[in-house]
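Colleague: Need coordinates for the following:
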Amino acid sequence: MRGNVDFRDPGETIGKMYGAMGDRDTFLNTLSFIQLSSGLVDLRRGDPIFNYLLLNLSQGNNLEMMGAYLASQGTHFSTDVISLLVYANLQDKYNPLELLALSALSRTSINAKDKQVFAYMIYVETPKFGFVKARLSWHGPLFKDSGYTIHMSTLELALMVPIDF
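Modeller: Numbering: from 1, shown residues only. Below you'll find the predicted structure:
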C-alpha cells in the first residue's frame with residue numbers, strides 16, 4: 001500500500017487556513033512543527049534530505065527545494081480540496097513548485113510493504129429463515145507500520161441461500 005492520505009485532525013486544516021494568510025516564515029515554521037509533532041518524521045532513521053528541508057523550510061529556498069525533492073521521489077501530490085483552495089489564494093507569495101510542496105506536506109505519505117499481516121473476521125449468522133440466512137460480519141487487516149496502526153475494516157451484511165448437500 002502506497003500513497004498519501006489525511007489522518008489529521010480537521011482542526012489542523014482550519015489552523016493551516018488561518019496560518020497561511022499571515023507571515024510566510026511563521027506559517028512555514030508552524031507547518032514544520034505540525035509535521036514534527038505528528039510523530040511521522042523519524043529524525044534518526046528517516047530520509048536525511050527530507051528531514052533537513054523540513055526542519056529548515058523557512059530558510060532560503062528550502063520550500064522550493066522540498067517541492068523539487070518530493071517531485072523527484074515520485075510523491076503523489078495531494079488533491080485535498082481545502083488545501084488546494086487555501087493555497088490557490090497564495091499564488092502571489094509562492095511559486096508553483098512551492099505550492100506543490102505545501103500541498104504534499106498537507107497530507108501524510110505512507111508506504112506499507114508488509115506481505116503478511118494479521119487479518120480478522122468476526123461474524124454473526126442467523127439460522128435459516130425460510131430458505132435465506134443472514135450474516136453480519138466485520139473484518140479486515142490490522143498491522144503497525146511507520147508509526148501508524150493501520151486498520152482497514154469492512155462491515156458487511158449478507159443475505160444468502162445456503163446450499164446443503
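
Colleague: and the residue nearest to E125 when sequence neighbours are not counted, what does it touch?
Modeller: Using C-beta to C-beta, 6 or more residues apart in numbering and skipping residues adjacent in sequence, the residue nearest E125 is R135, 4.6 Å away. All C-beta spots, glycine's among them, are computed from the backbone N, C-alpha and C. R135 makes contacts with 123-126, 156-158, 160, as judged by C-beta atoms under 8 Å, 6 or more residues apart in numbering.

Colleague: Which of the three states applies to R135?
Modeller: Three-state assignment for R135 (DSSP: H, G, I helix; E, B strand; the rest coil): strand.

Colleague: if we can go back for a sec, for the contacts of R135, which one is nearest L57?
Modeller: Using C-beta to C-beta, E156 is the member of the contacts of R135 that sits closest to L57, with 43.9 Å.

Colleague: Just the element for that closest one, please.
Modeller: Counting by DSSP states H and E, the secondary-structure element that holds E156 is strand 154-160.

Colleague: list the helices and strands that strand packs on?
Modeller: Contacts of strand 154-160 with other secondary structure elements, assessed using 3 or more C-beta pairs under 8 Å, 6 or more residues apart in numbering; DSSP states H and E, are made with strand 133-145.

Colleague: Give me the sheet partners of the next helix or strand after the strand it packs on and which way each runs.
Modeller: Moving toward the C-terminus from strand 133-145, the first helix or strand encountered (DSSP H and E) is strand 148-151. Sheet pairing here is set by DSSP bridges, and for strand 148-151 it gives strand 133-145 (antiparallel).
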